[in-house]
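Enquirer: Got a predicted structure plus its sequence, pasted below:
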Amino acid sequence: MPACLAAPVHSELIIKKSRFIGCVEPCAGREAALVRVAALREQHPGAAHVCWALLAGGQSAANDDGEPGGTAGRPMLEVLRHQDLELVLATVVRYWGGIRLGAGGLVRAYTDAVAQALLTAEKIPLVKQALLRCTLPYAQEGLMRRELELARAQLGEVLHGTQVEFSFSLPEPTAASFVARLNEATQGRVGWLKSDG
């Protein structure tokens, strides 16, 4: 099961006088990743490279930032994939020490910087959410709110018209039993709508 990180994790390696500062952190997508990489460039103006890899579904990417092609971003991305992570950004800031590492040495250095950071990572399993919408009589609104709280559902929009309309999400594995329980508790007075999501 894919996982995200609870908090950013860091590493620092010195290899043949080059300093590699690694970080792996939660990241929602490419836009947030680019903002973070830009911030790192500002924090480390003397760094030779700020390489990064993003695993975020269809927005995944890898960037060597001037290192020889395929020696930084792609190996970092492979470490994230191997750990079955999702919605994470790995960055490695390199201060050049004056000694060339060669392609193999660079791959090892960038891979190790990410892998070392992940040794201390707290992983959180990502559970797919089901988006549901329903209507029910006003007399059932209190019951519905209690059931949503018990199921630890994320309440979205609540509309008050001729009936009360609820939009909410909850972990996909529990959705079918929640629907069945609610149908029984309201004696079939719930009207299930197609979700926009």
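Expert: Yep, that arrived. Keep in mind that what you see is a predicted model, and the values were worked out from it rather than measured.
Enquirer: C-alpha only now, for contacts and for neighbours.
Expert: OK.
Enquirer: Quick check: which element contains residue 183?
Expert: In this assignment (DSSP states H and E), residue 183 forms part of helix 172-185.
Enquirer: ok, now residue 134?
Expert: strand 129-136.
Enquirer: Listing partners with orientation, what would you give for that strand?
Expert: strand 164-171 (antiparallel), strand 191-193 (antiparallel) (DSSP bridges).
Enquirer: Tell me which of those is the most buried.
Expert: With neighbours defined by mean count of other C-alpha atoms under 10 Å, none of those is more surrounded on average than strand 164-171, at a mean of 19.
Enquirer: Please save the CA atoms from it in PDB.
Expert: Below are the C-alpha coordinates for strand 164-171, written out as PDB (Å, rounded to 0.1, in the frame of the first residue of the first chain):
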ATOM      1  CA  VAL A 164     -30.800  18.200   3.800                       C
ATOM      2  CA  GLU A 165     -28.100  17.300   1.300                       C
ATOM      3  CA  PHE A 166     -24.700  16.000   2.600                       C
ATOM      4  CA  SER A 167     -21.400  15.700   0.700                       C
ATOM      5  CA  PHE A 168     -18.700  13.700   2.500                       C
ATOM      6  CA  SER A 169     -15.800  11.400   2.100                       C
ATOM      7  CA  LEU A 170     -14.600   8.400   4.000                       C
ATOM      8  CA  PRO A 171     -12.100   5.500   3.500                       C
END
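Enquirer: what about that strand, distance to the chain center?
Expert: Strand 164-171 sits 23 Å away from the centroid of its parent chain (C-alpha atoms, centre = their mean, to the nearest Å).
Enquirer: Could I get the buried residue list for the strand holding residue 134?
Expert: Within strand 129-136, the residues that qualify as buried are 129-136, counting by 16 or more other C-alpha atoms under 10 Å.
Enquirer: can you check stretch 51-68 too?
Expert: Neighbour counts over stretch 51-68 (16+ other C-alpha under 10 Å) mark 51-56, 60-64, 67 as buried.
Enquirer: For it, what does the pLDDT average out to?
Expert: Regarding stretch 51-68, the rounded mean pLDDT is 92.
Enquirer: CA atoms only for stretch 120-140 - export them in CSV, please.
Expert: In CSV, the C-alpha atoms belonging to stretch 120-140 read as follows (Å, rounded to 0.1, in the frame of the first residue of the first chain):
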residue,chain,number,x,y,z
THR,A,120,14.2,7.8,10.1
ALA,A,121,11.0,8.5,8.2
GLU,A,122,7.5,7.8,9.8
LYS,A,123,5.3,6.5,7.0
ILE,A,124,1.6,7.0,6.8
PRO,A,125,-0.5,4.6,4.7
LEU,A,126,-2.5,6.4,2.0
VAL,A,127,-6.1,5.1,1.9
LYS,A,128,-8.3,5.9,-1.1
GLN,A,129,-11.3,8.0,-0.2
ALA,A,130,-14.9,7.4,-1.4
LEU,A,131,-16.8,10.6,-2.2
LEU,A,132,-20.5,10.3,-1.3
ARG,A,133,-23.6,12.6,-1.6
CYS,A,134,-27.0,12.0,-0.2
THR,A,135,-30.3,13.7,0.8
LEU,A,136,-32.5,12.9,3.8
PRO,A,137,-35.4,14.5,5.7
TYR,A,138,-34.6,17.2,8.3
ALA,A,139,-35.6,14.9,11.1
GLN,A,140,-32.7,12.6,10.2
